[in-house]
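Q: Quick one, structure for this:
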Amino acid sequence: MRTPLALAALLALSACGLKPMYAGGSNSAVAQGLAGVEVAPIPGRDGWLVRNALYDRLSVAGTAVPQYRLDVRLDDSLEGLGVLNDDTISRERRILRSRYQLVDLASGEILLDATAGSDAGVDVVSSEYATIAAEQTALELLAKDVADRMVRRVAITLRQREAGQAEQ
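A: All right, here's what the predicted structure looks like:
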């Protein structure tokens, strides 16, 4: 009974036009397109973290001659949430937001203008060192999350661009 249901589900899935984005692995058009994205310098420690995370994700297929540039602006903020009776903060929220543009280097055309963001909660404890360490760890995790979101959107944009060029 399970085999016919699985076969029917597989046939229905193939009929919907679903195509894996990275079909072909590192030789796929999307992976090669991502390898051709250079990341402009991003100021600050948060920028360094995001840029490194972006390079880790963009260079999966190796490196290629840059065809695109990714311009990124970051906004990193830390706000107090939990306030105790003695007016001390017991919980913070770290927010990392990015506004980014994917630019075609040949034409100067902006292919993608988008935002990405993420946030994390941080407990404020009696040890100042532990609180600072938790804030830095949160920033490192947020940088990876924001980079993942950005690369996903860039990959979708490059895939759509490739599909549009194939139709012409």
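
Q: how about the helices in the protein?
A: With DSSP state H as the criterion, the chain has helices at 2-15, 29-35, 44-58, 128-167.

Q: Redo these as CSV? Include mean neighbour count, distance to Thr88 and mean pLDDT.
A: Heads up, the C-betas are built off the backbone N, CA and C, glycines and all. Shown next, in CSV, are the helices of the chain (neighbours: other C-beta atoms under 10 Å; distance: least, C-beta to C-beta, whole Å; pLDDT from 0 to 100):
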stretch, mean neighbour count, distance to Thr88, mean pLDDT
helix 2-15, 9, 54, 65
helix 29-35, 20, 46, 77
helix 44-58, 19, 26, 94
helix 128-167, 16, 11, 89
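
Q: right, and these - which one's nearest Asp75?
A: Checking those against Asp75 by C-beta to C-beta gives helix 44-58 as the closest, at 9.0 Å.

Q: ok, and what's touching the closest one?
A: 34-35, 37, 39, 41-42, 70, 72, 74, 76, 96, 98, 139-140, 143-144, 146-148, 150-151 (C-beta atoms under 8 Å, 6 or more residues apart in numbering).

Q: With stretch 107-125 instead?
A: Contacts with stretch 107-125, where a contact means C-beta under 8 Å, 6+ apart, come from 68, 78, 80-82, 88-104, 131, 134-135, 138, 141-142, 145-146, 149-150, 153-154, 157, 161.

Q: Find out how far it is from the centre of the chain, if you would.
A: 8 Å (C-alpha atoms, centre = their mean, to the nearest Å).

Q: repeat for stretch 50-64
A: So, by C-alpha atoms, centre = their mean, the centroid of stretch 50-64 is 11 Å from its chain's centroid.

Q: and what of stretch 66-77?
A: 11 Å.

Q: again, but for stretch 53-65
A: 13 Å.

Q: quick one: terminal-to-terminal distance for that stretch?
A: Terminal residues of stretch 53-65 are spaced 20 Å apart (C-alpha to C-alpha, to the nearest Å).

Q: partner residues bridging the closest residue to Ala40 other than its chain neighbours?
A: Excluding the flanking residues, the one nearest Ala40 by C-beta to C-beta, 6 or more residues apart in numbering is Asp71, at 5.0 Å. Beta-bridge pairing of Asp71 under DSSP bridges involves Gln101.

Q: likewise Asp119?
A: With DSSP bridges as the rule, Asp119 is bridged to Ile95.

Q: For it, give me the pLDDT.
A: Residue-level confidence at Asp119 comes out at 95, pLDDT.
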